[in-house]
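Chemist: sequence first, then the predicted structure:
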Amino acid sequence: EAQVTQNPRYLITVTGKKLTVTCSQNMNHEYMSWYRQDPGLGLRQIYYSMNVEVTDKGDVPEGYKVSRKEKRNFPLILESPSPNQTSLYFCASSLVGSAETEAFFGQGTRLTVV
Amino acid sequence: QKEVEQDPGPLSVPEGAIVSLNCTYSNSAFQYFMWYRQYSRKGPELLMYTYSSGNKEDGRFTAQVDKSSKYISLFIRDSQPSDSATYLCAMIRQGGSEKLVFGKGTKLTVNP
């Protein structure tokens, strides 16, 4: 089954404690991205990756890092989380080269930073 | 002016009603238009996509694009309680850019 898997689904952490949210896809997609979704603000792209070792900033990259060492994995790293990063996070993947391609989303990670 | 505008609702309709969801956009470079459906506590999933102007029908769902007005719509006929979800419009510019630009989503509730 084609899917994007995020872990954990729920996370409560304290300010400043580094954390990583993992994302893995089994569709051999080149393009992967991270979004955060906040009430009234919708989905905003944090970072994206066009392929292995190629990453770039999205609309709201401050306070986040990513890496793409393997095609299937695209972890999101919060080096020093702050309360304003409390949000619902989604990872997504799609093929490169066709704008018609569906973006597949993970189930989401609800992060609370206290 | 935001690139994509979408009324967040909420929209509440009785079962069987025809639902109209809309987005406007400002950038004429958008060529591919999509509607995603997001159930509570789930990730968005693609419902329909349309290239350029015109209509596309899939069962009870019809997507319309009017590029001259920079306006897209999603119609749901004979709405069902299972259609209750948030609907997000999304667009991609011509040229193969993979960045989806999303509307903020409209929350729809279909009451039995």
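Modeler: Cool, got the structure.

Chemist: tell me the residues of chain B that contact chain A?
Modeler: B:6, B:8, B:31-32, B:41-46, B:49, B:51, B:88, B:92-100, B:102-105 (CB under 8 Å from any CB of the partner chain). Just so you know, the C-beta spots here come from the backbone N, C-alpha and C atoms, and that holds for glycine as well.

Chemist: just the residues you listed: which are in strands?
Modeler: B:Q6, B:Q31, B:Y32, B:E45, B:L46, B:Y49, B:Y51, B:L88, B:I92, B:R93, B:F102 (DSSP state E).

Chemist: check which helix or strand A:V60 maps to.
Modeler: Using DSSP states H and E, A:V60 maps to neither a helix nor a strand.

Chemist: how near is it to B:T106?
Modeler: 22 Å (CB to CB, to the nearest Å).

Chemist: ok, A:T5 next?
Modeler: Distance from A:T5 to B:T106, by CB to CB: 28 Å.

Chemist: more crowded one of these two?
Modeler: Neighbour totals were compared for A:T5 and B:T106, and B:T106 leads with 21 against 14 (other CB atoms under 10 Å in any protein chain shown).

Chemist: quick one: pLDDT of the more buried one?
Modeler: Note on B:T106: pLDDT of 96.

Chemist: now do A:L95
Modeler: For A:L95, pLDDT reads 77.

Chemist: over to A:E1?
Modeler: So A:E1 comes in at 85 (pLDDT).

Chemist: before we move on, the earlier item: just the buried residues of the residues of chain B next to chain A.
Modeler: The neighbour-count test (16 or more other CB atoms under 10 Å in any protein chain shown) marks B:6, B:31-32, B:43-44, B:46, B:49, B:88, B:92-93, B:98, B:100, B:102-105 as buried among the residues of chain B next to chain A.

Chemist: contact partners for the spatially closest residue to A:V60 that is not a sequence neighbour?
Modeler: Once flanking residues are discounted, A:V60 sits nearest to A:R44: 4.9 Å by CB to CB, 6 or more residues apart in numbering or on different chains. With contact taken as CB atoms under 8 Å, 6 or more residues apart in numbering or on different chains, A:R44 is in contact with A:Y35, A:R36, A:Q37, A:D38, A:G58, A:D59, A:V60.

Chemist: in what helix or strand does A:R44 lie?
Modeler: Applying DSSP H and E, one finds A:R44 within strand A:42-51.

Chemist: show me what contacts the closest residue to B:N22 other than its chain neighbours?
Modeler: Among residues not flanking B:N22 along the chain, B:S73 sits closest, at 5.0 Å (CB to CB, 6+ apart). Shown in contact with B:S73 (CB under 8 Å, 6+ apart): B:S20, B:L21, B:N22, B:C23, B:A63, B:Q64.

Chemist: with pLDDT and secondary structure added, can I get these in JSON lines?
Modeler: What follows is the contacts of B:S73, written out as JSON lines (pLDDT from 0 to 100; DSSP: H, G, I helix; E, B strand; the rest coil):
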{"residue": "B:S20", "pLDDT": "97", "secondary structure": "strand"}
{"residue": "B:L21", "pLDDT": "97", "secondary structure": "strand"}
{"residue": "B:N22", "pLDDT": "97", "secondary structure": "strand"}
{"residue": "B:C23", "pLDDT": "97", "secondary structure": "strand"}
{"residue": "B:A63", "pLDDT": "96", "secondary structure": "strand"}
{"residue": "B:Q64", "pLDDT": "96", "secondary structure": "strand"}
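
Chemist: which of those lies closest to A:E53?
Modeler: Nearest to A:E53 out of the contacts of B:S73 is B:C23 (CB to CB; 35.2 Å).
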